[in-house]
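In: Fold the following for me, if possible:
(one chain, ligands or ions: 2)
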Amino acid sequence: MIDKNSRITVISGAGFSQASGIPIFRGKDGLWKNYDPSELATPHAFAKDPKLVWEWYRWRLNIILNADPNLAHVKLAEVELKGFDIAILTQNVDDLHERAGSQNVTHLHGEIRLARCFSCRTKFIWTVELLETVDDIPKCSACESICRPDVVWFGESLDSNIIQNCIDQLSITDMLIVAGTSGVVYPAAEFPFLAKRQNSQVTIYEFNLDYTPISNIATETILGPVEETIPEFFNTIYQK
Ligand code: BV8
Ligand code: ZN
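Out: Residues are numbered from 1 along each chain as shown. Ligands and ions are numbered 1, 2, ... in the order given. Sure thing, here's the model as predicted:
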């Protein structure tokens, strides 16, 4: 059971947004089926063909903008609204947690709806139409340099402040929920093990369709689609 003093941390992955129609990365319908991550989500890929990389992100942003939060996103927002202490650390670059109403959301791998200037690092919200109007890749409105999606590519380090905040958050967590992630992308994949090392009392609930490396340290792995299992779980552990 949880009460208002329980500190809950959720690590969400692409599986959390799958029911909203956003392709996951791996597996039979994964994004990577058509694209090889080393072809698109790396600095080298962008240097080689920025227009192709921007086109891929435009295709993904379009899917995300036309998607709605699913019942798992909505339930987490409800838990926060009820006054429980819940922090979401998401690997996802979509904004579905926010659109469901969650306030305490940290994007470990950046946000697809933001573009960032290579030179002055100015960030701005870009639109699918922007790419339809400019015949080249987005330029910075402040200094005219080229811009990139404000996401963390493979081979790029995560923001060190974000990593430190996650470590601090995980060290005080009473209940860690790991949902919709294959647990293979580091350093996020290390976070559940870090939480366990820092606090042997932490309870770890994993929500997935399959078992993952995290299942080995989970108090329980709840198999099933998160859009069903997350609402069921919270409805049983707190009185309405
Ligand atoms: C870094 C943003 C330091 C971009 C992303 C060898 C060993 C260890 C590490 C490495 C290694 N070789 C390279 C590395 C480092 C690399 C890494 O971990 N590679 C992996 C592939 C081995 N990591 C990095 O590069 C990171 N940086 O380490 O910096 C450094 C510096 C220089 C050189 C080396 C290291 C940066 C990683 C961030 C990359 N950016 N996204 C973009 O999106 O375009 S990662 C990308 O994968 C997404 O963010 C995604 O969230 C993330 C993880 O994937 P998942 O979320 O887990 O999604 P996946 O499809 O895999 O799984 C979905 C799961 O959901 C499945 O389990 C499925 O069963 C389940 N599911 C599906 N539907 C449902 C469901 N569950 C429940 N209900 C459902 N309905
Ligand atoms: Zn600039």
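In: Leaving out the residues flanking it, which one is nearest to Glu39?
Out: Ala45 (5.6 Å; Cβ to Cβ, 6 or more residues apart in numbering). No exception for glycine: its C-beta is placed from N, CA and C like everyone else's.
In: Around that neighbour, how many other residues sit close by?
Out: By other Cβ atoms under 10 Å, 20 other residues sit near Ala45.
In: Distance check, Lys75 against Glu232.
Out: 9 Å (Cβ to Cβ, to the nearest Å).
In: What score does Ile22 have for pLDDT?
Out: For Ile22, the model assigns a pLDDT of 92.
In: what's it sitting at in phi/psi?
Out: phi -100, psi 120 (degrees, to the nearest 10).
In: That one contacts Ala67, correct?
Out: Yes: Ile22 is within contact range of Ala67, at 5.6 Å (criterion: Cβ atoms under 8 Å).
In: domains in this protein, as residue ranges please.
Out: 1-22+69-109+158-240, 23-66+113-151 (automatic domain parsing).
In: residue nearest the centroid of this structure?
Out: The chain has Asn92 as the residue nearest its centroid, 2.1 Å off, counting by Cα atoms, centre = their mean.
In: right, and the secondary structure at it would be what?
Out: Following DSSP: H, G, I helix; E, B strand; the rest coil, Asn92 is assigned to coil.
In: Where does the prediction get shaky in this protein?
Out: Within the chain, the ranges that satisfy pLDDT under 70 run 26-35, 37-38, 131-135, 239-240.
In: Show me the helices in it, by range?
Out: Taking DSSP state H as the criterion, the chain contains helices spanning 14-18, 37-40, 43-48, 50-65, 71-81, 96-100, 128-133, 160-171, 191-198, 226-237.
In: neighbouring contacts of the longest strand belonging to the chain?
Out: Ranked by residue count, the top strand of the chain under DSSP state E comes out as strand 110-117. Contacts to strand 110-117, defined as Cβ atoms under 8 Å, 6 or more residues apart in numbering, come from residues 57, 60-61, 64, 93-95, 122-126, 138, 140, 142-143, 145-152.
In: same thing with stretch 224-236?
Out: For stretch 224-236, with Cβ under 8 Å, 6+ apart as the criterion, the contacting residues are 15-16, 18-19, 70-72, 74-76, 78-79, 177, 179-180, 205, 207-209, 222-223.
In: Counting neighbours, which of those residues end up buried?
Out: 15-16, 18-19, 70-72, 74-76, 78-79, 177, 179-180, 205, 207-208, 222 (16 or more other Cβ atoms under 10 Å).
In: Could you report the neighbour count for Thr42?
Out: Thr42 has 17 nearby residues by other Cβ under 10 Å.
In: how near is the residue nearest to Ile64 when sequence neighbours are not counted to Ala195?
Out: Among residues not flanking Ile64 along the chain, Asp94 sits closest, at 4.6 Å (Cβ to Cβ, 6+ apart). Asp94 sits at a distance of 24 Å from Ala195 (criterion: Cβ to Cβ).
In: Give the full set of residues in contact with the closest residue to ligand 1 within the chain.
Out: Closest approach between the chain and ligand 1, counting by Cβ to the nearest ligand atom: Gly15, at 2.2 Å. If you count contacts by Cβ under 8 Å, 6+ apart, Gly15 has them with 24, 179-182, 208-209, 226.
In: Leu108 too?
Out: If a contact means Cβ under 8 Å, 6+ apart, then Leu108 has 89-91, 152, 158, 162, 166, 188 as its contacts.
In: One more: Trp126?
Out: Trp126 neighbours (Cβ under 8 Å, 6+ apart): 61, 113-115, 138, 147.
In: What about the residue nearest to Thr9 when sequence neighbours are not counted, how many residues nearby?
Out: Distance criterion Cβ to Cβ, 6+ apart; nearest residue to Thr9, sequence neighbours excluded, is Thr173 at 4.3 Å. A total of 23 residues lie near Thr173 under the criterion other Cβ under 10 Å.
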